[in-house]
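Asks: Can you look at this prediction? I've put the sequence above it.
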Amino acid sequence: MDVDHTGDAGLFGPSSVTWQLHSDPMMWVAGVRALYLQALHPRAVRGVMQNSDFRKDAWGRLMRTANFVGTATYGTTEAAEKAGARVRKIHAMLTATDPDTGEHYRIDEPELLLWVHCAEIDSYLDVARRSGIRLTEAQADRYIGEHRESARLVGLDPEDVPADQGQLGAYFEKMRPELAAGEEARDVEDFLRRPPTPALLVPARELLWRGVAELAYASLPPYAHELYGRSAPSREAVNLQLRFTGTMLRSIPARVRWQLPPKHIIRAMSRLGPGSRPAPYKLGRHLAILDEPGEGGDTRRGRAQKWGRPG
């Protein structure tokens, strides 16, 4: 690849699975799926609802999350570390209260941060693969392992974060008894299905947003549908919808899509050169590199040696 190595490639860099995957427009559908999934953890969603006006600023929250992911993926090392420090500082000041027990707890408890992290990574990976991006099992494992780095940014110990598909699946299996669709989860679900919209824009909401929200919901695992109490089409039917939507969105030229704020990818390409242009099809070219010992084969080596405690 024609990459200017004098530039700062950030925490992941163009040879990572993350760099290629996060450029895909289906990450927006995955982000909505993650919100549905995150809301099923009663303590985690309570922390969000008690510390932010989600109903009035859910779009802002989604954009802030996208900005953080974009900075962590495509920003310089300094920018990513600063973004992580801001998130940790904000979370350290916030608490929530269990209305049933009166318990006060911090929202930066490792258990809550881990749930939010795993719900995001599972959603990004699941939607990407089911919408037509071909990843080998080694690449899927590599992607999960790479995001122990983003987990570190928000205050988690990377060694406590799933490093591959097996560990991620075991984590969700362990968490299932703790999940429930309580009042706060219902509020999130209702908002995602029918966000407050000026009267003139309601037709556009029904035409555009409703389809995204329904597809994101349909792509959730079956146990999530059971908890919400709302059925979804068969997995095969949802896969067809995801592939169709992915094909349509990917037909929009990348340079057009990447002009939308905050332009992380455009800035990364300017910093590193045209060879750093992300595209999922490049994953096939990187397969040999990613599977080298210490790279794709063992996600706990390589960058993991550089992990330090967040300041």
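Replies: Here it is on my side, so go on.
Asks: Quick check: Val32 touching Ala213?
Replies: Yes: at 6.0 Å, Val32 counts as touching Ala213 under the criterion of C-beta atoms under 8 Å. All C-beta atoms are positioned from the backbone trio N, CA, C, and that covers glycine.
Asks: for the strand or helix carrying Asp126, what is the average pLDDT?
Replies: Assigned by DSSP states H and E, Asp126 belongs to helix 110-130. Averaged across helix 110-130, pLDDT comes to 98.
Asks: What residues of it count as buried?
Replies: 112-130 (16 or more other C-beta atoms under 10 Å).
Asks: From the contact counts, what lies against that helix?
Replies: helix 17-21, helix 27-38, helix 42-51, helix 137-146, helix 148-153, helix 165-175, helix 235-250 (3 or more C-beta pairs under 8 Å, 6 or more residues apart in numbering; DSSP states H and E).
Asks: which regions of the stretch 201-311 of the chain sit below the pLDDT cut-off?
Replies: 201-202, 204-206, 285-311 (pLDDT under 70).
Asks: what residues are up against the residue most central in space within the chain?
Replies: Geometric centre of the chain, nearest residue: Glu120, 3.5 Å, by C-alpha atoms, centre = their mean. Applying C-beta atoms under 8 Å, 6 or more residues apart in numbering to Glu120 gives the contacts 31, 34, 38, 69.
Asks: Which of the residues you listed ranks first by neighbour count?
Replies: Ala34 (26 neighbours; other C-beta atoms under 10 Å).
Asks: Just give the closest residue to it, not the sequence neighbours.
Replies: Ser123 (3.9 Å; C-beta to C-beta, 6 or more residues apart in numbering).
Asks: Pro280 too?
Replies: Ile133 is the one closest to Pro280 (C-beta to C-beta, 6+ apart), at 4.6 Å.
Asks: Please identify the most buried of the helices and strands packed on helix 110-130.
Replies: helix 17-21 (a mean of 26; mean count of other C-beta atoms under 10 Å).
Asks: what's it in contact with?
Replies: Residues contacting helix 17-21 (C-beta under 8 Å, 6+ apart): 12-14, 27, 73-74, 124-125, 128, 133, 135, 139, 142-143, 146-147, 276, 278-280, 282-283, 286, 290.
Asks: The helix holding Asp126 versus helix 165-175: what angle between them?
Replies: Interaxial angle of helix 110-130 relative to helix 165-175 (axes from the mean of the first three to the mean of the last three C-alpha atoms, to 10 degrees): 130 degrees.
Asks: can you state the direction angle for helix 110-130 and helix 235-250?
Replies: Using the same axes, to 10 degrees: helix 110-130 against helix 235-250 is 80 degrees.
Asks: quick one: helix 110-130 to chain centroid distance?
Replies: In terms of C-alpha atoms, centre = their mean, to the nearest Å, the centre of helix 110-130 is set 6 Å apart from its chain centre.
Asks: go on, stretch 39-53?
Replies: Worked out by C-alpha atoms, centre = their mean, stretch 39-53 lies 17 Å from the chain centre.
Asks: Spell out the residue ranges of the helices in the stretch 151-300 of the chain.
Replies: 165-175, 183-193, 202-204, 210-218, 222-228, 235-250, 254-257, 264-272, 283-290 (DSSP state H, counting those that start in this stretch).
Asks: Among the ones you listed, which comes closest to Glu81?
Replies: Closest to Glu81 of those, according to C-beta to C-beta: helix 264-272, at 15.3 Å.
Asks: Save the helices and strands packed on helix 110-130 as TSV, and put in distance to Gly182 too.
Replies: Below are these laid out as TSV (distance: least, C-beta to C-beta, whole Å):
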stretch	distance to Gly182
helix 17-21	32
helix 27-38	13
helix 42-51	5
helix 137-146	28
helix 148-153	26
helix 165-175	15
helix 235-250	25
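Asks: These: which one's closest to Leu260?
Replies: Closest among the helices and strands packed on helix 110-130, once you apply C-beta to C-beta, is helix 27-38, at 10.4 Å.
Asks: can you tell me which of the helices and strands packed on helix 110-130 comes nearest to Ala80?
Replies: Comparing these by C-beta to C-beta, helix 148-153 comes nearest, at 6.6 Å.
Asks: helices and strands around that closest one, which ones?
Replies: helix 54-74, helix 77-92, helix 110-130.
Asks: export that helix as CSV, just CAs?
Replies: This file holds the C-alpha atoms of helix 148-153, laid out as CSV (Å, rounded to 0.1, in the frame of the first residue of the first chain):
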residue,chain,number,x,y,z
ARG,A,148,-9.6,-4.0,23.3
GLU,A,149,-7.8,-0.8,22.4
SER,A,150,-11.0,1.2,22.2
ALA,A,151,-12.1,-0.4,25.4
ARG,A,152,-9.0,0.9,27.1
LEU,A,153,-9.9,4.4,25.9
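Asks: and that helix, how far out from the chain's middle?
Replies: On C-alpha atoms, centre = their mean, the centre of helix 148-153 falls 12 Å from the chain's centre.
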